[in-house]
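*Asks:* No letters, just coordinates:
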């Protein structure tokens, strides 16, 4: 079941990323966590209504933690690449 969360989050994040690239040229980095929270909430709602998770609050917390963690890892990779 855990891999299903990752797949749903990845699909929603890809859709949001594509929308952001198409309609918004440059988003300041300070708004990226807000985008991650929105992605997490939407992913949680999808997981809840498809029956993957029976508790909505648990789905929201799990998906938000996953998206924020992924955003943190992406930031760490970008910082490492800039230092080199």
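*Replies:* Structure's in. What do you need? As the structure is a computational prediction, the values presented were derived from the model and not from experiment. Numbers count the residues shown, from 1 in each chain.
*Asks:* alpha carbons only for contacts and neighbour counts from here, please
*Replies:* OK.
*Asks:* Just give me the neighbour total for residue 38.
*Replies:* Residue 38 has 18 neighbours, counted by other C-alpha atoms under 10 Å.
*Asks:* for this structure, what spans make up the helices?
*Replies:* 2-23, 32-49, 56-83 (DSSP state H).
*Asks:* Any idea which residue is closest to the centre of the protein?
*Replies:* residue 67 (3.6 Å; C-alpha atoms, centre = their mean).
*Asks:* Now for that residue: which residues touch it?
*Replies:* Contact partners of residue 67, counting by C-alpha atoms under 8 Å, 6 or more residues apart in numbering, are 9, 36, 37, 39, 40.
*Asks:* redo that, cut-off 10 Å
*Replies:* With contact set as C-alpha atoms under 10 Å, 6 or more residues apart in numbering, residue 67 has these partners: 6, 9-10, 13, 33, 35-41, 43, 73.
*Asks:* Kindly reformat those as a markdown table containing distance to residue 19 and pLDDT.
*Replies:* Conversion of the contacts of residue 67 to a markdown table gives the following (distance: C-alpha to C-alpha, whole Å; pLDDT from 0 to 100):
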| residue | distance to residue 19 | pLDDT |
| --- | --- | --- |
| 6 | 20 | 80 |
| 9 | 15 | 82 |
| 10 | 14 | 83 |
| 13 | 10 | 82 |
| 33 | 16 | 82 |
| 35 | 12 | 82 |
| 36 | 14 | 83 |
| 37 | 16 | 87 |
| 38 | 14 | 87 |
| 39 | 12 | 85 |
| 40 | 16 | 86 |
| 41 | 17 | 90 |
| 43 | 16 | 88 |
| 73 | 22 | 69 |
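*Asks:* Name the stretch among the helices of the chain that sits most buried.
*Replies:* When the helices of the chain are scored by mean count of other C-alpha atoms under 10 Å, the highest mean neighbour count falls to helix 32-49 (a mean of 19).
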